[in-house]
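**Student:** Build the 3D model from these lines:
(one chain, ligands or ions: 1)
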Amino acid sequence: EVDWFSLASVLFLLMFAPLIVYYFIMSCDQYQCSLMNPLIDLLTGNKHLSDIWNKTPMLTYRAAGIYTLWVTFQVALYMCLPDFCHKFLPGYVGGVQEGAVTPAGVVNKYEINGLQAWIITHMLWFANAYYFHYFSPTIIFDNWIPLMWCANILGYAVSTFAMIKGYFFPTNPKDCKFTGNFFYDYMMGIEFNPRIGKWFDFKLFFNGRPGIVAWTLINLSYAAKQQELYGQVTNSMILVNVLQGIYVLDFFWNEAWYLKTIDICHDHFGWYLGWGDCVWLPYLYTLQGLYLVYHPVQLGTANAIGILILGFIGYYIFRMTNHQKDLFRRTNSNCKIWGKKPEYIECSYMSVDGTKYYSKLMTSGFWGWARHFNYTGDLMGSLAYCLACGFEHILPYFYIVYMTILLTHRCIRDEHRCLSKYGKDWKRYTAAVPYRLLPGVF
Ligand code: NDP
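**Tutor:** Coordinates of the predicted model:
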């Protein structure tokens, strides 16, 4: 059943999320990344909406060609090139892997080859930039708004297709969720793991590629643009490229682990993931680099080092917390966390068919500090990207504001689910680890 608050949020996002993306990108294109000046211009009558719209670059054949080639190439890498990285990279888990058990009891198999796709794409990018010169490395920046229209077309097309598929030819009908509310179903998705054929998994493909593979290329394109415009790349741009590059590489290095996260294990595939991965992620997660093209900030050495350290500590906490839970669950608690046997609470839950299962919730390591310390680390890293941009404008700080809302909401959503899953055992756990994100505060 969809409550009025969820429905209102869904309608708000469906109506305003595309506008928010447009507003941010347009502000950079026409107002040097000032979020206030477009509003002031409109409110004072200095400009009309039509003036702003008329100055906005439209869809071009060139952008459509680039985007089609990009998506086709990523589909080809995903579908046609079985992973070979796991054969020579020690510690890397790739190749065919199993996901978690779905509510209907299905265990999907995935071809984990995202790291390989990322490496090949970036090798080709550098080969072109330094050797072949088929296209300029600023190509993404130079076509940024026309590409945004293409990303929107794909985002809406895939979400609409997923909705139709959910009704008429679902991959697994027992894993479909119908609330009866059209808007909610469109946004949050009907099918759990829509697939075409045996291997093309919508969630894994759209979550990881084309958006996340593109993330680091987009940043490189911004760095190239700085070089073209100012004859140098600032240390803030390097910081953003390095810190976000680590985050992206981490994602692909741990793609098999990612199969066990909320996105894959609990979310259905609708507009939220389909459009979000095509448009929201590549356009708003890369705002810092875009901002630095218009405002090339050169940080003092102490500030740059401070931001780098904050980014590294955030990343360390994020990775170690996720790693601790993964290790704990994978070994069924037969492991060491910070040199000791992990502490935990035994819990049980009932599946839909009435079968009783047992599980464990860890209460030591970072999981003893707070119930979602992985989110805290993620937020520290996010803050570091924003700080690299200085304090002249608020636009680059959108990311930390957004991530705080996203992860706090996600934390509450997850805890709601865990409470209904584990009941009184979850209450024992929250009594043992009373804080969510920051010990002593929240
Ligand atoms: P988690 O990896 O924290 O997974 C939560 C689940 O873990 C719970 O539903 C529960 O599942 C299990 N769990 C909870 N507490 C414990 C415990 N004490 N011991 C063992 N298991 C526990 O959440 P996410 O999947 O949301 O996040 C994964 C990572 O991805 C995070 O680091 C997050 O920061 C990042 N992320 C980044 C985003 C971005 O846009 N940059 C977006 C979303 C996430 P069960 O039912 O199995 O018990």
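**Student:** Dihedrals phi and psi, residue 392?
**Tutor:** Main-chain dihedrals, residue 392, degrees, to the nearest 10: phi -70, psi -30.
**Student:** Is it in contact with residue 295, as I believe?
**Tutor:** Yes - judged on Cβ atoms under 8 Å, residue 392 makes contact with residue 295 at a distance of 6.3 Å. Every C-beta, even on glycine, is put in place using the N, C-alpha and C of the backbone.
**Student:** Of these two, which one has the most company?
**Tutor:** residue 295 (17 against 12; other Cβ atoms under 10 Å).
**Student:** Name the residues of the stretch 251-400 of the chain found near the ligand, please.
**Tutor:** Counting by Cβ under 6 Å from any ligand atom, the residues of the stretch 251-400 of the chain lying close to the ligand are 261-262, 318, 322, 325, 328, 359, 361-362, 367, 372, 374-375, 378.
**Student:** Could you give me the PyMOL selection string for whichever of those residues are buried?
**Tutor:** In PyMOL, a selection of the buried entries from those looks like this (16 or more other Cβ atoms under 10 Å):
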select buried, resi 318+322+325+328+361+362+367+372+374+375+378
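**Student:** just checking, which of the residues of the stretch 251-400 of the chain next to the ligand belong to strands?
**Tutor:** 359, 361-362 (DSSP state E).
**Student:** Which residues are in contact with whatever residue of the stretch 201-350 of the chain ends up closest to the ligand?
**Tutor:** In the stretch 201-350 of the chain, the residue that lies nearest the ligand is residue 261 (3.2 Å; Cβ to the nearest ligand atom). Neighbouring residues of residue 261 by Cβ atoms under 8 Å, 6 or more residues apart in numbering: there are none.
**Student:** do that again at 10 Å, thanks
**Tutor:** If a contact means Cβ atoms under 10 Å, 6 or more residues apart in numbering, then residue 261 has 100, 207, 254, 267, 322, 374 as its contacts.
**Student:** Can you pull the phi/psi pair for it?
**Tutor:** The phi/psi pair for residue 261 (degrees, to the nearest 10) reads phi -90, psi 170.
**Student:** let's have the chain start at 19 instead
**Tutor:** Will do, 19 is the new start, and the previous item becomes residue 279.
**Student:** Need the pLDDT of it.
**Tutor:** According to the prediction, residue 279 has pLDDT 82.
**Student:** Kindly report the same for residue 457.
**Tutor:** 88.
**Student:** same question, residue 247
**Tutor:** pLDDT, residue 247: 97.
**Student:** In contact with it, which residues?
**Tutor:** 156, 159, 311-312, 314 are the contacts of residue 247 under Cβ under 10 Å, 6+ apart.
**Student:** Counting only strands, which of these make the cut?
**Tutor:** Among the contacts of residue 247, no member falls in strands (DSSP E).
**Student:** could you dump those to a markdown table with distance to residue 129 and neighbour count?
**Tutor:** Listed next are these as a markdown table, based on distance: Cβ to Cβ, whole Å; neighbours: other Cβ atoms under 10 Å:
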| residue | distance to residue 129 | neighbour count |
| --- | --- | --- |
| 156 | 33 | 21 |
| 159 | 32 | 22 |
| 311 | 36 | 22 |
| 312 | 40 | 19 |
| 314 | 41 | 16 |
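**Student:** Show me where the protein dips below the pLDDT cut-off.
**Tutor:** Flagging of the chain using pLDDT under 70 yields an empty set of residue ranges.
**Student:** now do 80
**Tutor:** Scanning the chain for pLDDT under 80 picks out the ranges 19-20, 280-281, 369-373, 459.
**Student:** center of it, which residue is that?
**Tutor:** Residue closest to the mean C-alpha point of the chain, counted by Cα atoms, centre = their mean, is residue 299 at 6.0 Å.
**Student:** Just give the nearest non-adjacent residue to it, would you?
**Tutor:** In space, and not counting its chain neighbours, residue 299 is closest to residue 229: 4.3 Å by Cβ to Cβ, 6 or more residues apart in numbering.
**Student:** Neighbours of that neighbour, how many?
**Tutor:** Neighbours around residue 229, by other Cβ under 10 Å: 23.
**Student:** Backbone dihedrals for it, both of them.
**Tutor:** Residue 229 adopts backbone torsions of phi -70, psi -50, taken as degrees, to the nearest 10.
**Student:** which ones are touching it?
**Tutor:** 92, 169, 173, 223, 236, 294-301, 303.
**Student:** Could you tell me which of those belong to strands?
**Tutor:** Using DSSP E, none of the contacts of residue 229 sit in strands.
**Student:** would you turn these into TSV with distance to residue 114?
**Tutor:** Compiled in TSV, the contacts of residue 229 are given as follows (distance: Cβ to Cβ, whole Å):
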residue	distance to residue 114
92	19
169	30
173	29
223	16
236	30
294	27
295	23
296	26
297	31
298	30
299	26
300	28
301	33
303	29
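**Student:** Closest one of these to residue 112?
**Tutor:** Within those, the smallest distance to residue 112 is 15.6 Å, found for residue 223 (Cβ to Cβ).
**Student:** so how far is residue 184 from the residue lying closest to the closest one once chain neighbours are set aside?
**Tutor:** Distances taken as Cβ to Cβ, 6+ apart place residue 96 nearest to residue 223, at 5.6 Å, with adjacent residues excluded. In this structure, residue 96 and residue 184 are 22 Å apart, going by Cβ to Cβ, to the nearest Å.
**Student:** And for the residue in the stretch 19-168 of the chain positioned nearest to the ligand, the neighbour number?
**Tutor:** Nearest to the ligand, among the residues of the stretch 19-168 of the chain, is residue 118, at 7.8 Å (Cβ to the nearest ligand atom). Per other Cβ under 10 Å, the neighbour tally for residue 118 reads 13.
**Student:** contacting residues around it?
**Tutor:** Residue 118 makes contacts with 124-126, 277-279, 282-284, as judged by Cβ under 10 Å, 6+ apart.
**Student:** In a markdown table: the residues you listed, plus secondary structure.
**Tutor:** Shown next, in a markdown table, are the contacts of residue 118 (DSSP: H, G, I helix; E, B strand; the rest coil):
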| residue | secondary structure |
| --- | --- |
| 124 | coil |
| 125 | strand |
| 126 | strand |
| 277 | coil |
| 278 | coil |
| 279 | coil |
| 282 | helix |
| 283 | helix |
| 284 | coil |
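**Student:** re earlier: turn the residues of the stretch 269-418 of the chain next to the ligand into a markdown table, including distance to residue 370.
**Tutor:** Formatted as a markdown table, these follow (distance: Cβ to Cβ, whole Å):
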| residue | distance to residue 370 |
| --- | --- |
| 279 | 22 |
| 280 | 19 |
| 336 | 33 |
| 340 | 28 |
| 343 | 25 |
| 346 | 26 |
| 377 | 16 |
| 379 | 21 |
| 380 | 26 |
| 385 | 28 |
| 390 | 26 |
| 392 | 28 |
| 393 | 29 |
| 396 | 32 |
